[in-house]
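K.L.:
I'll drop the sequence and a predicted model, then ask my questions.
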Amino acid sequence: MDFHEAEAALFDLDGTLVDTEPRSRWAWSRLFDGYGVPLSEPTLAGFAGRRGYDVLAERLSLFPGRTAEELFAETMAYWWSAAAPGIAAVPGAVELVRQVHRSGTPLAIVSSGRRTDVAAMLGELAVYELFDVIVTAEDVSRGKPDPQGYLIACERLGRHPRRTVIFEDAPAGVTAAKTIGARCVAVTTTSAATELVDADLVVADLSSVSWPLGGGTRRR
């Protein structure tokens, strides 16, 4: 399938439509610091594109006596606190979503975040009502890189995965997209281009992307 033949556009949220990297980094740092646990760059990078709960569950040995649910709740309390760094739309994100909507192409969000957080961020961008389907962490039993979330979105949209374009920012999300045969556009807001080599198109942000798709830094 060529990009211009896409029958649906599916978007990750954090790092793809909204630049949450400074806030996420700050929240995770606060959590680890609070327990006296060193937070290395590789560990921090491991959170990108994945459900925070899943990553914490893999590292429970670092937090004796705590559950993944408790740790994730603490992290989100930091994330939404007044002291947290601000968040902003990725350049070009809002206009691209509006272009897709105006074209009549179905839209979906597939996020590793919680539904309440996803709704709040989409509301801040004033694009919540433009999405036909929203799939969040509560809708899946397996987070990215497992493609379950994208498969659920495709089913709800009534579109075959191979007829869709998925927008991502993290290696885990790119892997999920390519596993189901979708085209994938990756933005380097969170990860370096060298970590997104499996995407079909890699761009610095979404300001260079228009719908129907064209342009970019690399095609496969």
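P.N.:
It's in.

K.L.:
and the residue nearest to Val133 when sequence neighbours are not counted, what is it in contact with?
P.N.:
Excluding the flanking residues, the one nearest Val133 by CB to CB, 6 or more residues apart in numbering is Ala108, at 4.0 Å. All C-beta spots, glycine's among them, are computed from the backbone N, C-alpha and C. Applying CB atoms under 8 Å, 6 or more residues apart in numbering, we find Ala108 in contact with Ala8, Ala9, Leu10, Phe11, Phe131, Asp132, Val133, Ile134, Val135, Ala153, Arg156, Leu157.

K.L.:
got the domain ranges for this protein?
P.N.:
Following the TED database, one gets these domains for the chain: 3-20+87-203, 21-80.

K.L.:
how far away is the residue of the chain most remote from its centre from Gly36?
P.N.:
The C-alpha centroid of the chain is most remote from Gly65, which lies 30.1 Å away (CA atoms, centre = their mean). According to CB to CB, to the nearest Å, Gly65 stands 13 Å off from Gly36.

K.L.:
need the helix or strand of this protein with the lowest average pLDDT.
P.N.:
helix 41-45 (a mean of 86; mean pLDDT, DSSP states H and E).

K.L.:
quick one: distance of the helix or strand containing Phe72 to the chain centre.
P.N.:
Taking DSSP states H and E as the criterion, Phe72 maps to helix 68-79. From the chain centre to the centre of helix 68-79 is a distance of 18 Å (CA atoms, centre = their mean, to the nearest Å).

K.L.:
with stretch 35-54 instead?
P.N.:
On CA atoms, centre = their mean, the centre of stretch 35-54 falls 15 Å from that of its chain.
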